[in-house]
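K.L.:
Everything below, folded, please.
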Amino acid sequence: MKPSSILYTKINAPPLKVISSRGHYLLTEDGREIFDATGGAAVAALGHNHPVIKQAITQQLDEVAYCYSPFFTTPAAERIARLLTESTDDEMTKTFIVSSGTEAIEASLKLARQYHVERGEPQRNRFIARRQSYHGNTLGALATGYHKARRAVYEDILAKNVSHVSPCYPYRGKKPGESDEGYVQRLADELDSEFRAVGPDTVCAFIAETIAGASLACATPVPGYFQAMKAVCDRYGALLIMDEVMSGMGRSGTLHAWEQEGVVPDLQTVAKGLGAGYVPIGALLVGKKVVNTLAQGTGGFVHSQTYQGHPVACAAAYAVQRLVQEQDLLSNVKVQGDYLGRLLKERIEGHPNVGDIRGRGLFWGIEFVKDKETRAPFPVGDQIAQTVHITGLQPGHGISLLPSSGNVDGTQGDVVLIAPAYNITGGEVEILVDRVEKVIESVFETAGAS
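P.N.:
Numbers count the residues shown, from 1 in each chain. Down below sits the predicted model:
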């Protein structure tokens, strides 16, 4: 048999081949039935093989499969754009539809820059982001985020106009005895100092994930954090970009995660839950202030991509979002998300190598530690998170978890994410947690880590 022509993540180690899927399960060529407990990378928000979404895709193919968005628009694009802006109570008044979260991030950086140029401040060419963040894998997004492993080989060709401050990571960031209010004030002071250090009139925007994704495994912001960050941005005339590529579109229990934070961003990125994996799609939602500035200036966004507003992607995403509304799945995310979090804590929080369990809605992370009291991470070479993932895929366990590393300092640290479909039932939550518990017991019993 000839070797595969695919450039796999590991060139000589082909991953499992999935031949079919249904609901929460992936079926592999060698006969495994795997519970997809993360929807890939928090993507498959409605599970797999949903007939309503397949029908929407087929219907759109019968109407128009593709046209060039700078020249034409389509009913499919207009529908999903309207749904998105209306879902923000028209706080965000325009939508730029692309094909991925990374593309949405790139568009947000370019639009933030153009906004300031059109306001007569062309000296604004810098961005402030957070350490242990991840915003995508293109060069611009990679430079903005701070995932050390993914940046390393490209460091010399990344843009140098980004600086980084501490993330909101209470498990490791809060000092002993420090209140939430004190922690927020310390992070706000750090951001303020960074503005002043680089020149407050040179910064386009501060960008942060509303709830941290894989890099910090669902670290949720403490109360008041984003309000304080926005106050600093407003003080210096910079925009606030909230990255909800992973945490948005219902994943955290509200359609937009910022709804729970008491702020409205100037720019917002969404992707994964938007199309639920049935199509490649992402979007940039644009606030009134930015739209009005462009409208009174050049009248357009100096950016375009071949597949922006792709009709089939838009039709599928609209079908996904209509199902979320019609089946009241946001309520299910809250109910089952609370149940999932409670069961995880009841069943595995006491394990000597489980340091923290955190999350919101159907977006949960587990952080592993070598020493629970000191919170010391495992040596990098132990590859604990990857081992948990690989073990989960074995026939005796049958569960797919999303592993990540580097959460402690960019290099050390092991976490896994859990992000099942929004239509999960209580019984399926119990199956999920049971399998997670058994995987963890198996890994650490074998490793002798506990």
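
K.L.:
In the stretch 51-200 of the chain, what residue spans correspond to helices?
P.N.:
According to DSSP state H, counting those that start in this stretch, the stretch 51-200 of the chain carries its helices in the segments 51-63, 75-86, 101-118, 139-144, 148-151, 170-173, 180-198.

K.L.:
Those into JSON lines, with extra columns for mean neighbour count and distance to Glu445?
P.N.:
Placement of C-beta: from N, CA and C, glycine included. Shown next, in JSON lines, are the helices of the stretch 51-200 of the chain (neighbours: other C-beta atoms under 10 Å; distance: least, C-beta to C-beta, whole Å):
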{"stretch": "helix 51-63", "mean neighbour count": "14", "distance to Glu445": "41"}
{"stretch": "helix 75-86", "mean neighbour count": "18", "distance to Glu445": "47"}
{"stretch": "helix 101-118", "mean neighbour count": "24", "distance to Glu445": "37"}
{"stretch": "helix 139-144", "mean neighbour count": "22", "distance to Glu445": "38"}
{"stretch": "helix 148-151", "mean neighbour count": "15", "distance to Glu445": "28"}
{"stretch": "helix 170-173", "mean neighbour count": "18", "distance to Glu445": "25"}
{"stretch": "helix 180-198", "mean neighbour count": "16", "distance to Glu445": "36"}
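
K.L.:
Break down the stretch 251-400 of the chain into its strands, ranges please.
P.N.:
267-270, 282-287, 354-360, 363-368, 399-400 (DSSP state E, counting those that start in this stretch).

K.L.:
Go through those and name the closest to Gly426.
P.N.:
Closest to Gly426 of the strands of the stretch 251-400 of the chain is strand 363-368 (C-beta to C-beta; 15.5 Å).

K.L.:
The closest one packs against which elements?
P.N.:
helix 329-348, strand 354-360, helix 384-392, strand 414-418 (3 or more C-beta pairs under 8 Å, 6 or more residues apart in numbering; DSSP states H and E).

K.L.:
Go through those and pick out the most buried.
P.N.:
Across the helices and strands packed on strand 363-368, averaging neighbours per residue (mean count of other C-beta atoms under 10 Å) puts strand 414-418 on top, at a mean of 27.

K.L.:
thinking again about what came up before, closest to Arg151 out of the strands of the stretch 251-400 of the chain?
P.N.:
strand 267-270 (19.3 Å).

K.L.:
Pull up the pairing partners for that closest one, direction included.
P.N.:
Paired neighbours of strand 267-270 in the sheet (DSSP bridges): strand 239-244 (parallel), strand 282-287 (antiparallel).

K.L.:
Just tell me which of these ends up closest to Asp434.
P.N.:
Closest of these to Asp434 is strand 239-244, at 30.5 Å (criterion: C-beta to C-beta).

K.L.:
The closest one vs helix 101-118, what angle?
P.N.:
Put simply, strand 239-244 runs at 170 degrees to helix 101-118, going by axes from the mean of the first three to the mean of the last three C-alpha atoms, to 10 degrees.

K.L.:
Make 634 the starting number, not 1.
P.N.:
Okay, residue one is now 634; in that scheme the one you just asked about reads as strand 872-877.

K.L.:
so where does Asp663 fall, helix or strand?
P.N.:
Per DSSP states H and E: Asp663 is located in neither a helix nor a strand.

K.L.:
For it, which non-adjacent residue is spatially closest?
P.N.:
Leaving aside its chain neighbours, Asp663 sits nearest to Leu649 (7.4 Å; criterion: C-beta to C-beta, 6 or more residues apart in numbering).
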